[in-house]
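> Sequence plus the predicted model coming up.
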Amino acid sequence: MAVRRPGVRPVLPLAGQPARSTPPQVGVTRRLLVLAVTFALVTLTIAADARPATLDVPAGNLSVLALGDSVTSGYHCYCDAFPASYGDLLAQRTGTGVTVHNFGVGGIDSEGLLEELDRSSSQMARAATDADYVLLTIGANDFAGHEDDVTAGRCTTECVTEEMAGLTRNLRRILDRITELDTHRTPEILVTGYWNVFKDGQVARDLYPLEGQNATQALTLATNQVIADAAQAAHATYVDVFTPFETAPDITNLLAPDGDHPNAAGHALIAELLLEATPKLTG
């Protein structure tokens with residue numbers, strides 16, 4: 001998915017995908033299973049013996065690759081998602097042209113992302129062969145099957161033991177795979193956590209009992225710890241978004257009306273946090 005910001009050079013959008021987030025479809029949330037038609041929009045296959053295409057990144061430009069779920073894609077925002085804003089901030093900070101490749105996919109989980117990266121002909125894998133910075137947000141959808149139980153307060157982490165173990169394995173492999181694919185350099189990888197793996201703010205207060213709100217927060221903290229540990233093991237940078245979101249006067253003001261995704265202010269905050277955490281910045 002291509003994005004356009006002042007100072008940021010976008011890549012051409014994939015067929016059928018707009019440069020900005022599209023209006024939400026009824027009933028679609030971050031935790032729905034990934035439909036085949038979604039992958040058709042973001043993944044193009046090539047013959048097994050074909051050579052990977054070279055991305056059009058002018059010499060001297062920085063390349064940013066964003067991988068993740070609907071948070072990365074900008075779903076329900078009606079704004080430029082945080083990868084575009086990050087690219088703009090990075091261009092301003094470095095005085096260098098920045099090309100942003102946004103491959104956020106609504107509904108994708110860690111297993112689905114790993115499958116895409118393991119398939120060398122996929123657009124995601126091809127884009128990862130030449131990235132200076134990789135932004136990764138993945139994991140919330142791994143727990144979609146337990147949303148009702150957790151948000152009702154019937155369980156926290158004890159009912160997602162297998163999913164948590166799977167996320168741990170997948171994250172480590174995803175991070176290793178990103179490094180393996182980049183044949184030009186060792187990219188700087190920035191991995192975000194979540195403010196909540198389910199809904200938050202006023203929407204959550206209206207929908208979930210207090211026990212459910214506490215359970216979702218406990219699961220989110222456990223998920224963020226898994227993400228942070230995987231990032232540390234891979235020598236990547238973990239970016240805490242939980243604290244800035246949850247310590248805001250009212251997190252509702254950072255969320256879209258669905259209570260599940262960031263609004264424009266939330267995306268701007270994530271972009272700023274990523275820039276602050278980016279290693280080796282000059283200027």
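Thanks, I have the structure now.
> if I look at the nearest residue to R177 once chain neighbours are set aside, how far off is A236?
Counting by C-beta to C-beta, 6 or more residues apart in numbering, the nearest residue to R177 once its immediate chain neighbours are dropped is L117, at 4.5 Å. Where you see a C-beta, it was placed from the backbone N, CA and C, and this is true even at glycine. Distance of L117 to A236, given as C-beta to C-beta, to the nearest Å: 15 Å.
> OK, contacts around F82?
If you count contacts by C-beta atoms under 8 Å, 6 or more residues apart in numbering, F82 has them with 71-72, 74, 135, 262, 267-268, 270-271, 274.
> V134 now?
By C-beta under 8 Å, 6+ apart, the contact list for V134 reads 64-67, 128, 178, 187-190.
> now swap in L167 and tell me
Taking C-beta under 8 Å, 6+ apart as the test, what L167 contacts is 110, 139, 142, 223, 226.
> you'd agree the last one is in a helix?
Yes: counting by DSSP: H, G, I helix; E, B strand; the rest coil, V226 is found in a helix.
> Next up, the contacts around it.
V226 sits next to 139, 164, 167-168, 171 when contact means C-beta under 8 Å, 6+ apart.
> and if we set it to 7 Å?
By C-beta atoms under 7 Å, 6 or more residues apart in numbering, V226 lies in contact with 164, 167-168, 171.
> now do the fourth one
If a contact means C-beta under 7 Å, 6+ apart, then T223 has 139, 194, 197 as its contacts.
> what's the closest non-adjacent residue to T137?
G68 (3.6 Å).
> Is that neighbour bridged to anything, and to what?
G104, T137 (DSSP bridges).
> ok now do the closest residue to A248 other than its chain neighbours, which residues does it touch?
Nearest non-adjacent residue to A248, counting by C-beta to C-beta, 6+ apart: L254, 5.9 Å away. Shown in contact with L254 (C-beta under 7 Å, 6+ apart): 245, 248, 262-263, 265-266, 269.
> one step back: what's the closest of the contacts of V134 to C159?
Nearest to C159 among the contacts of V134, counting by C-beta to C-beta, is L67 at 27.5 Å.
> Next one: the closest one from H184, what distance?
From L67 to H184 the distance is 17 Å (C-beta to C-beta).
> now G259
G259 is 41 Å from H184, where distance means C-beta to C-beta.
> Which one of those two is surrounded by more residues?
G259 (21 against 10; other C-beta atoms under 10 Å).
> Please report how far the nearest residue to that one once chain neighbours are set aside lies from M124.
In space, and not counting its chain neighbours, G259 is closest to V203: 2.6 Å by C-beta to C-beta, 6+ apart. In this view, V203 and M124 are 31 Å apart by C-beta to C-beta.
> Fine by me, thanks again.
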